[in-house]
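Asker: what follows is a predicted structure for the sequence shown.
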Amino acid sequence: MSIPLAETEIPPLAAVCGLYCGACSVYLATREDPQRLAALAARLGQTEAETRCGGCRAEVRSAHCRSCDLASCATNRGIAFCGECAEFPCPRFQAFQAALPHRRDILRDLSRILEIGVNDWMGEIPERYTCPSCHIPNSAYDLTCRRCGHIPGSAFAATHGAAIHDHLGRR
């Protein structure tokens, strides 16, 4: 059964594209790791203020998230998630998904959001990015837990570790 998304309040960490912002390196750095935020800002050629992010739907968003084509498109169409669009999955969405390893599960996640509702999805999605040993949230790119060093850092890292490793090696 599909839950009408317009009738629910969308959490800030539920991105328009189906990403879970709680698994974003920038979000985690903004929330709890100023040194990591400074390093990310330097790597991106931005100030820390431009890099800070509270999630796709938060007031404070990174420069990248503020300029997101998918979010603009959804807003212009009056939809909460790309999966609600009659043209889904469009070429823009497909290119977005294929560009980076952390986007590999967004088709499945959009389907799940439409199936059970965004709030129930938000209740289950953090586990995919949580360390199985110490239970700290990790980013999609944390192959090793950032607190305890457990390998893999999360179920997502276990599933997509090879693609993430390849991507990180190309930087």
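Answerer: Thanks, I have the structure now.
Asker: just give me the longest helix of this protein.
Answerer: Assignment by DSSP state H gives helix 155-170 as the longest helix of the chain.
Asker: residues making contact with the helix or strand hosting Ala49?
Answerer: For Ala49, the host element (DSSP states H and E) is helix 48-51. Helix 48-51 has contacts (CB atoms under 8 Å, 6 or more residues apart in numbering) with 26, 29-30, 37-38, 40-41, 44, 62-63. (Each C-beta comes from the backbone N, C-alpha and C, glycine too.)
Asker: can you rerun that using 10 Å?
Answerer: 26, 29-30, 34, 37-45, 60-64, 66 (CB atoms under 10 Å, 6 or more residues apart in numbering).
Asker: what does stretch 70-78 give?
Answerer: Counting by CB under 10 Å, 6+ apart, 6, 15-19, 56-57, 61, 65-66, 68, 79-87, 90, 92-93, 96, 106 sit against stretch 70-78.
Asker: try 8 Å
Answerer: Contacts of stretch 70-78 (CB under 8 Å, 6+ apart): 15-17, 56, 65, 80-82, 85, 92-93, 96.
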